[in-house]
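Student: Make a model of this:
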Amino acid sequence: MLISRWVVFSGLVVMVLLISGTVHLVGQAAAQPAPTPAQLAQQAAAEKDHQRLMDLLGIKELRHKADQDPHSPFAVNYDEAKANVYPSLPDPLLLKNGQRVTTAKEWWTKRRPEIVEDFDREILGRVPANVPKVTWEVVSTTQEKIGDVPVVTKKLVGHVDNSACPSITVKIELILTTPAKAAGPVLVIMELAFGNEFLAANAKNIPEMLPGGPGNEGPTWQQQVLARGWGYAILSPAGFQADNGAGLTEGIIGLTNKGQPRKLDEWGTLRAWAWGASRVMDYFETDKAVDAKQVGLEGHSRFGKIALVAMAYDPRFAIAYISSSGTGGAKLYRHLLGELTENLAATGEYHWMAGNFLKYAGPLTAGDLPVDAHELIALSAPRPVFIGAGSFNGDEWADPRGMFMAAVAAGPVYRLLDKKDLGTTSFPPIKTALITGDLAFRQHSAGHTPGPNWPVFLDFASRYLHTQ
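Tutor: Numbers count the residues shown, from 1 in each chain. Just a heads-up that it's a prediction; the model follows:
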């Protein structure tokens, strides 16, 4: 799929070409590379499926998405004064019948299920009942060193049973690294990651995403984790569900539907990726090298969205670092700054969401959503969540303030469950760590990267995760 955007990148206006989930940045004056026949076919398939969903919903057209070309009539809004068009948020502690939730029991048995149902039906989609089982295989085991730390690295493949539709093969690839000298099971931080091909293809264009890039100087996050005696895992979700609309009849979504298009309330790619993270947790519960009760999640950008969804839906994850997740993640849909609902409903990203989500980009609006991001955060309660962002000069598309506001609005649920919220409703100065509660927030001074917040997150996590 080919989509173009103008963005401000390191002070330079550049064009982003999203091709099959890969980002390509080219200078304003540079010629756009012609899409390949395969890319054109992929784009056409996504557009056809997108139109199919609109027809099912009876929608003739959607509102235009926010455009990162500053000269466009649909230019993205970065003015806070214009962002709060919908200042009233759904109350996470108010039942649909109007009664207020005042006890933890009411939250768990009444209100939380209501919120989950709204996300399932309207935003993320439902996981089908017939999702096949996964059988894990250790492909290789290697003794090596990461920095000065001896480790054991396992490469694993989760084979998804495709007997119901043999034409579609799905596998989940995982890397697990644990300290070789550990006395027993170790806690693990799992990153939901961009694939190596993506990083290699964009090494020159997005240096802040790479080790040693701007904001990522010093030890890698893996080295920082190992220095504490912990282990880490890396999961590339696009391996079992493609990051494009054409892939919805393939991967795990296509397998469960036997290659047929999904229904309006069936899962999108974000929910499918989170399902894969949970299948990794199934494996961790069988591996004697892993303390499965102390597994944390980290994801950045679109994978920050997944980390939050996985945390919300699977109570086995102990803690999460949600980095620059933007709309669809920790950013309020109702805060109209940076990426908007209309962007997620357009042909480039609609596959992330349930089909029903499209109606909130026309004729409904973000203000009509039955839930918002603060309630997705609240579904993780009482477990700790760290929300990170970059500076407004580089990470403005993800809307740091909108993510902070969502964390604040999730606070009442944490307090109801005898946990601590952020401790303030005032947006903090940059590089101020709000980590004394069970909800945490920090905005670093670099761009769209998780790197500068890793040390702060690990300090936060060390209050909850402990080496045996």
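Student: Please give the element, helix or strand, for residue 142.
Tutor: Here residue 142, judged by DSSP states H and E, is contained in strand 134-146.
Student: Tell me the buried residues in that strand?
Tutor: By neighbour count on 16 or more other Cβ atoms under 10 Å, the buried set for strand 134-146 is 134, 136, 146. The way it works is simple: take the backbone N, C-alpha and C, and place the C-beta from them, glycine included.
Student: which one among those gets closest to residue 428?
Tutor: Distance to residue 428, by Cβ to Cβ, is smallest for residue 146 among the buried residues of strand 134-146, at 33.6 Å.
Student: Just grab the bridge partners of the closest one for me.
Tutor: Taking DSSP bridges as the rule, residue 146 bridges to residue 149.
Student: Distance to residue 354 added to the buried residues of strand 134-146, as JSON lines?
Tutor: Shown next, in JSON lines, are those (distance: Cβ to Cβ, whole Å):
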{"residue": "134", "distance to residue 354": "23"}
{"residue": "136", "distance to residue 354": "29"}
{"residue": "146", "distance to residue 354": "40"}
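Student: nearest to residue 162, of those residues?
Tutor: Among these, and counting by Cβ to Cβ, the member closest to residue 162 is residue 134, at 10.9 Å.
Student: what separates the closest one from residue 155, distance-wise?
Tutor: 16 Å (Cβ to Cβ, to the nearest Å).
Student: picking that back up, quickly name whichever of the buried residues of strand 134-146 is closest to residue 188.
Tutor: If you rank the buried residues of strand 134-146 by distance to residue 188 using Cβ to Cβ, residue 146 comes first, at 14.1 Å.
Student: ok now do the closest one, which residues does it touch?
Tutor: Residue 146 sits next to 177, 222, 223, 226 when contact means Cβ atoms under 8 Å, 6 or more residues apart in numbering.
Student: rerun at 10 Å
Tutor: 153, 177, 179, 219, 220, 222, 223, 225, 226, 227, 232 (Cβ atoms under 10 Å, 6 or more residues apart in numbering).
Student: next one: residue 308
Tutor: Contacts of residue 308 by Cβ under 10 Å, 6+ apart are 270, 274, 297, 299, 320, 322, 325, 328-330, 373, 376-377, 379-380, 385, 387, 406.
Student: What's the mean pLDDT across the helix or strand containing it?
Tutor: According to DSSP H and E, residue 308 maps onto helix 302-313. Average pLDDT, helix 302-313: 98.
Student: again with stretch 58-76
Tutor: For stretch 58-76, mean pLDDT rounds to 95.
Student: buried set for that stretch?
Tutor: Buried-residue list, stretch 58-76, by 16+ other Cβ under 10 Å: 59, 62, 63, 65, 66, 67, 68, 69, 76.
Student: try stretch 253-263
Tutor: 253, 254, 255, 256, 257, 261, 262, 263.
Student: what's the answer for stretch 117-126, then?
Tutor: For stretch 117-126, by 16+ other Cβ under 10 Å, it's 118, 119, 120, 121, 122, 123, 124, 125, 126.
Student: just stretch 356-368 next, same as before
Tutor: Across stretch 356-368, burial judged by 16+ other Cβ under 10 Å covers 356, 357, 358, 359, 360, 361, 362, 365, 366, 367.
Student: swap in stretch 261-274?
Tutor: Buried-residue list, stretch 261-274, by 16+ other Cβ under 10 Å: 261-264, 266-274.
Student: For the helix or strand just after the helix holding residue 308, which helices and strands make contact with it?
Tutor: Scanning forward in sequence from helix 302-313 by DSSP H and E, the next helix or strand is strand 319-323. Here strand 319-323 touches strand 186-192, strand 290-300, helix 302-313, helix 373-378, strand 385-389, helix 400-416, strand 439-443, helix 454-461, going by 3 or more Cβ pairs under 10 Å, 6 or more residues apart in numbering; DSSP states H and E.
Student: Restricted to helices, list the buried residues of stretch 58-76.
Tutor: Applying DSSP state H to the buried residues of stretch 58-76, no entry is found in helices.
Student: Serialize those residues to TSV and add fields for distance to residue 185.
Tutor: Putting the buried residues of stretch 58-76 into TSV (distance: Cβ to Cβ, whole Å) gives the following:
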residue	distance to residue 185
59	51
62	49
63	51
65	46
66	46
67	50
68	46
69	51
76	46
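Student: Do you know the pLDDT at the closest residue to residue 163 other than its chain neighbours?
Tutor: Counting by Cβ to Cβ, 6 or more residues apart in numbering, residue 132 is the residue found nearest to residue 163 once chain neighbours are left out, at 7.6 Å. Looking at residue 132, its pLDDT is 97.
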